[in-house]
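Peer 1: have a look at this prediction, sequence included:
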Amino acid sequence: MTDENRYDLISIGAHPDDVEVGTGGVLIDLKKRGYKCGIVILTRGEMGTGGTPEIRAREIEEAAGILGADILGTFDWGDTRLEDSYDKRLEVARIIRAARPRIVLAPYPHVGHGRRQSHPDHVASGIISINAVNLAALGKADLPGDPHLVTRIFNYFLPPQVHPNFVVDITPHFEQWIEALSAHRSQFLNPEKSKDYIEHLTTMARSFGMQARCKYGQGFHAVEPILVGDIMTLAEHDLH
């Protein structure tokens, strides 16, 4: 494995637009900073109100180009029917071993409460991702390549009772993020849908930003504490 083939971060989503919605601004930011990012999609999104699997596959390609990320894997594991299994863990672990990322982003792996419960596919994709990260690190796993230990896994698509414990400022990349979302025309620019999804997602990014004192942000949850070497770096943005 050469450095040219390695990825700094992989973002995993259940549906063709999940990665863009929850992590797109971060991927744009990392690309501009010189990092290499990859995308893995676990279903074809065939149960979405708009579009077909073929249309949505083309939309993924367009959006990935705008994000500056490579599509490392797309699977047909059943929209609304996604479940964790050992075979699925192996497939995602295979990608992780090949790409050798330091960070994996995945949906929050537990269901929410109340009317805004998490989509079951999102929960399943989070569980598959955690288990795949574990398998990729095991020397005796039935996988090609050398074991690889992902440094951190962070979760997005947080249910109402889970607050982000860090927010990434995507304000400089907001317009490009909206462009990537808009590539999913069958979902977000569909005149047959009454809801203005772009405005809804803009409001969500604004909410995360307000929590972290920036204009637009994307929120994540780290299960393990984040180690800080210099506590003063946590106040850098307050100096501007």
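Peer 2: On my side now, so go ahead. Please read all numbers here as calculations on a predicted model, not as lab measurements. Numbering: from 1, shown residues only.
Peer 1: C-terminal to the helix or strand of the chain with the lowest mean pLDDT, what's the next element?
Peer 2: Ranked by mean pLDDT, DSSP states H and E, the weakest helix or strand in the chain is helix 185-188, scoring a mean of 92. Sequence order places helix 197-212 as the next helix or strand after helix 185-188, per DSSP states H and E.
Peer 1: pull the CA atoms of that next one into PDB?
Peer 2: Taking Å, rounded to 0.1, in the frame of the first residue of the first chain, the C-alpha atoms of helix 197-212 are listed here in PDB:
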ATOM      1  CA  TYR A 197     -35.200  20.300   1.900                       C
ATOM      2  CA  ILE A 198     -32.400  22.700   1.100                       C
ATOM      3  CA  GLU A 199     -33.900  25.300   3.400                       C
ATOM      4  CA  HIS A 200     -34.400  22.600   6.100                       C
ATOM      5  CA  LEU A 201     -30.700  21.500   5.800                       C
ATOM      6  CA  THR A 202     -29.600  25.100   5.800                       C
ATOM      7  CA  THR A 203     -31.500  25.700   9.000                       C
ATOM      8  CA  MET A 204     -29.900  22.600  10.600                       C
ATOM      9  CA  ALA A 205     -26.400  23.800   9.600                       C
ATOM     10  CA  ARG A 206     -27.300  27.200  11.000                       C
ATOM     11  CA  SER A 207     -28.400  25.500  14.300                       C
ATOM     12  CA  PHE A 208     -25.200  23.600  14.700                       C
ATOM     13  CA  GLY A 209     -23.300  26.800  13.900                       C
ATOM     14  CA  MET A 210     -25.100  28.800  16.500                       C
ATOM     15  CA  GLN A 211     -24.200  26.200  19.100                       C
ATOM     16  CA  ALA A 212     -20.500  26.500  18.300                       C
END
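Peer 1: quick one: the helices in the chain?
Peer 2: 18-32, 53-67, 86-99, 120-136, 174-182, 185-188, 197-212 (DSSP state H).
Peer 1: in contact with the closest residue to residue 129 other than its chain neighbours, which residues?
Peer 2: In space, and not counting its chain neighbours, residue 129 is closest to residue 106: 3.5 Å by CB to CB, 6 or more residues apart in numbering. For glycine as for every other residue, the C-beta is placed from the backbone atoms N, C-alpha and C. The contact partners of residue 106, taken as CB atoms under 8 Å, 6 or more residues apart in numbering, are 11-12, 125-126, 129-130, 153-156.
Peer 1: one more time with 10 Å
Peer 2: Applying CB atoms under 10 Å, 6 or more residues apart in numbering to residue 106 gives the contacts 10-14, 18-19, 22-23, 40, 42, 92, 122, 125-130, 132-133, 153-157.
Peer 1: ok so, going back, what helices or strands is the least confident helix or strand of the chain leaning on?
Peer 2: Judged by 3 or more CB pairs under 10 Å, 6 or more residues apart in numbering; DSSP states H and E, helix 185-188 is in contact with helix 18-32, helix 53-67, helix 174-182, helix 197-212.
Peer 1: fine, thanks again, bye for now.
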